[in-house]
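S.K.: no sequence on this one, just coordinates:
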């Protein structure tokens, strides 16, 4: 029987999980692939360290070249993290005709397209589902699914950290800073949480998903990104009282050959399935021409889900080797890059204004919206606090363009009766 | 390049869809399989009928033997429906070493295990994902997923007809009969809806899923089944006022090597993801040891989603042929069949009683529950209607065994102050 030989970069919690899963499911894997899978070498920092898993003594090495230059190794499984150095090692491995499986989201976000192209040139595969949404096989769904030819929209929660924070803020009424601290203590947020809370991590993932879904080269710079750091309890409570839940949502959509990709705090009707995805879980909706609406939901993080996703990708790589169809993981852009302009991006919006509590103020404000053709589904005017002589207006618009929104907000900022625009967010998930 | 030759049983809406999808995605399929797929013959009733799809004249035949005895055909795709006659044709095809893809839920429910065993003997595959939950690849997830070795629970909405009915009854306040009629008019319910509304169709599917998930032979007779015909607007409204939504839920779970499978109207917290799966959609949760909680959501029916699912299964069959691993679609039971007894089945329950409005009635009732060690999370006592001298009590129990529930209900039926047990349903989805 054929045997596929695997080298592992890294033996932390995910790496250890991979070794365990491969060992526990040995028979099953032979059954599903028609060949054996054998780990032959593992790159670690310290070969003398005691390990949580049974490994053969001669597996361990601290020299990358022991794996990269070993001609018998077919696949490198990269679960050690790091960007620059790791990229260089993987490039050399690819040039030595090795297939790659990686769970490294930072690496794929920064250098994914480049590595995928290099792999294509070398007729090897890179599988990276574990780097996107942990337990959810979303890359495979977009690449393999027949419906993927005509995907209209991909929408979801693709960052576990921010979803954990939004859940705690919403359900327990806690302020952002306190929840962030809790997330850090639990290991759901990193010491420097910027990339998560500013929406960057989600934006990178949406960029990769948009590329796959639409077969169009979408760049990170094309994504409109807004993080969750400015969201307050008042925003959450006003949203609640109007029947909505605020989530950090990534959306990639395509109409008339033009793409729109964004990551923004979004108000969803509280009975929308995504509104009920809690804590560190991820969920991704795919709207396809043929299949209609499908959703995938699963843990966004965790070492065992990630190890399982890595092994699934490894099995796929091996299946491709055995079918003689390796080298197809880079999807060539088939369509010209066309991104929607602000006057082509339509959505409903939630807007909160602090205004002077004086006669005619409301009239002045509605005039501005009328001038910009903006009409409203809901308006809440809150009783003025007498001490301050200020009132608050909360509105939900009908569908308007991003250009209409921006023009209205600019005009509002200029009139004296508007003290400030407190916040504004997209509203989605309704017909 | 290799070529795989396919024969089609049936050219209705799904069959036509299959021909279209195969044609539209010709290049993509070659890309994914490393071989070509060609339809060579289609079994129809009337060869002279005009068709909605471009087909070659010599494809059509009204003689099953033209396909069954054609040695060049590798795979039969069965999308014509029917049980007895279809089963016999497929058996002959399997004996002629043909692989089968089917979307026939009635056939698989009645004869699935038998056909799968026959296929195993003949080293051929039967793939039937399209017969379970339309657009959701749940069979593949349970069979392929590495997590499938330790699946603890499968829970979901696996019948589109009843979910459509429950959605309309809940959201629009319409009575069962009227909604059923609407479902029939829309083609979501059959003229004889018994198998759907009594929960039988869902029970058959849960039987198949339990077999796959737990590798244990679970029979239809092991499934506790309760349909939705007795659910009233009052039930729905009381559930709502307590924060729940009623759905027809299938659950297969396994603890201490003992399985429990049921299909019952179930109260779920209204923010539970399954509570928000609407209309004809299906959704299945899988709780695995390694991956944790994952959910799949998609259209439960429809000719295009079904055709797409059929083609996905066809591609899987072909991949298996090319990998030399055909004949593994029947999963041998690995564990001894052990089904939980009523005193091992634990759940919370919603109970509605109509009682005499007299002093001491409440005391008498609570005594019975206390005797059976049943305690309550919530009790609603409704004001008596004076004309009748009757009151209503709505309760939600803490976790109790099915045996405790049944004993309590039996005892309640015997005391004079209880006029009748109006309804009782499981409560799930809470910690």
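M.R.: Happy to help now that I have it. Here the structure is a predicted model, which means the values were calculated and not measured.

S.K.: Now do the helices in the stretch 51-200 of chain A.
M.R.: Using DSSP state H, counting those that start in this stretch, the helices assigned to the stretch 51-200 of chain A run over residues A:65-68, A:84-95, A:105-121, A:130-133, A:138-144, A:160-172, A:176-186, A:194-197, A:200-214.

S.K.: Can you name every helix or strand that the second one contacts?
M.R.: Just to be clear, that refers to helix A:84-95. For helix A:84-95, the packing partners by 3 or more C-beta pairs under 8 Å, 6 or more residues apart in numbering or on different chains; DSSP states H and E come out as helix A:65-68, strand A:75-78, strand A:99-102, helix A:105-121. The way it works is simple: take the backbone N, C-alpha and C, and place the C-beta from them, glycine included.

S.K.: So what touches the last one?
M.R.: Right, helix A:105-121. The contact list for helix A:105-121 (C-beta atoms under 8 Å, 6 or more residues apart in numbering or on different chains) reads A:78, A:81-83, A:86-87, A:90-91, A:94-95, A:99-100, A:102, A:125-126, A:128, A:131-132, A:201, A:204-205, A:207-208, A:211, A:327-330.

S.K.: Let me know the angle separating it from helix A:84-95.
M.R.: Taking axes from the mean of the first three to the mean of the last three C-alpha atoms, to 10 degrees, one finds that helix A:105-121 is oriented at 20 degrees with respect to helix A:84-95.

S.K.: what's the angle from helix A:105-121 to helix A:200-214?
M.R.: 30 degrees.

S.K.: buried stuff in helix A:105-121?
M.R.: Buried residues in helix A:105-121, counted by 16 or more other C-beta atoms under 10 Å in any protein chain shown: A:105, A:107-113, A:115-116, A:118-120.

S.K.: And the first one, by the same measure?
M.R.: Neighbour-count burial for helix A:65-68 flags A:66-68 (criterion: 16+ other C-beta under 10 Å).

S.K.: What mean pLDDT does it get?
M.R.: Mean pLDDT, helix A:65-68: 97.

S.K.: helices or strands next to that helix in the packing?
M.R.: strand A:36-43, helix A:84-95.

S.K.: just so I know, which of those lies nearest residue B:309?
M.R.: strand A:36-43 (29.0 Å; C-beta to C-beta).

S.K.: And that closest one, what does it pack against?
M.R.: Partner elements for strand A:36-43 (3+ C-beta pairs under 8 Å, 6+ apart): strand A:3-9, helix A:13-24, helix A:26-33, strand A:60-61, helix A:65-68.

S.K.: Mind putting these into JSON lines with distance to residue A:342?
M.R.: Conversion of the helices and strands packed on strand A:36-43 to JSON lines gives the following (distance: least, C-beta to C-beta, whole Å):
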{"stretch": "strand A:3-9", "distance to residue A:342": "43"}
{"stretch": "helix A:13-24", "distance to residue A:342": "41"}
{"stretch": "helix A:26-33", "distance to residue A:342": "49"}
{"stretch": "strand A:60-61", "distance to residue A:342": "54"}
{"stretch": "helix A:65-68", "distance to residue A:342": "47"}
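
S.K.: re the thing from before, compare the mean pLDDT across the helices and strands packed on helix A:84-95 and name the weakest.
M.R.: For those, the weakest mean pLDDT is recorded on helix A:105-121, namely a mean of 90.

S.K.: any idea how far chain B is from the residue of chain A most remote from its centre?
M.R.: Each residue of chain A has a distance to the centre, and by C-alpha atoms, centre = their mean the biggest one is for residue A:359: 46.6 Å. Per C-beta to the nearest C-beta, to the nearest Å, residue A:359 is found 43 Å from chain B.

S.K.: how is chain A carved up into domains?
M.R.: Domain segmentation of chain A under automatic domain parsing yields A:3-134+A:303-323, A:138-299, A:343-427.

S.K.: tell me how far the ends of the last one are from each other?
M.R.: What that stands for is domain A:343-427. 17 Å (C-alpha to C-alpha, to the nearest Å).

S.K.: quick one: average confidence on it?
M.R.: 91.

S.K.: which residues sit in contact with the closest residue to chain B within the stretch 1-150 of chain A?
M.R.: Closest to chain B within the stretch 1-150 of chain A is residue A:34: 4.4 Å, counting by C-beta to the nearest C-beta. Residue A:34 makes contact with A:1-2, A:322, B:323-325 under the criterion C-beta under 8 Å, 6+ apart.

S.K.: now, among the residues you listed, which is nearest to residue B:282?
M.R.: So of the contacts of residue A:34, ranked by how close each gets to residue B:282 (C-beta to C-beta), first place is residue B:325, at 28.7 Å.

S.K.: my guess is the closest one contacts residue A:30, does it?
M.R.: No. Counting by C-beta atoms under 8 Å, residue B:325 does not reach residue A:30; the two are 9.2 Å apart.

S.K.: Looking at these two, which has the bigger crowd around it?
M.R.: residue B:325 (18 against 14; other C-beta atoms under 10 Å in any protein chain shown).

S.K.: Check the gap between that one and residue A:75 for me.
M.R.: 19 Å (C-beta to C-beta, to the nearest Å).

S.K.: what's downstream of the helix or strand where residue A:311 lies, the next helix or strand?
M.R.: Using DSSP states H and E, residue A:311 sits in helix A:303-323. Counting by DSSP H and E, the next helix or strand C-terminal to helix A:303-323 is strand A:346-356.

S.K.: how deep is residue A:430 tucked in, by neighbour count?
M.R.: Neighbours around residue A:430, by other C-beta under 10 Å: 14.

S.K.: again, but for residue A:414
M.R.: Residues near residue A:414, counting by other C-beta under 10 Å, number 8.

S.K.: now it: how far from residue A:350?
M.R.: 21 Å.

S.K.: ok, now residue A:406?
M.R.: Relative to residue A:350, and taking C-beta to C-beta, residue A:406 is found at 15 Å.

S.K.: Those two: which is more packed in?
M.R.: residue A:350 (23 against 14).

S.K.: wait, that one sits on residue A:405?
M.R.: No. With contact defined as C-beta under 8 Å, residue A:350 does not reach residue A:405; the gap is 10.8 Å.
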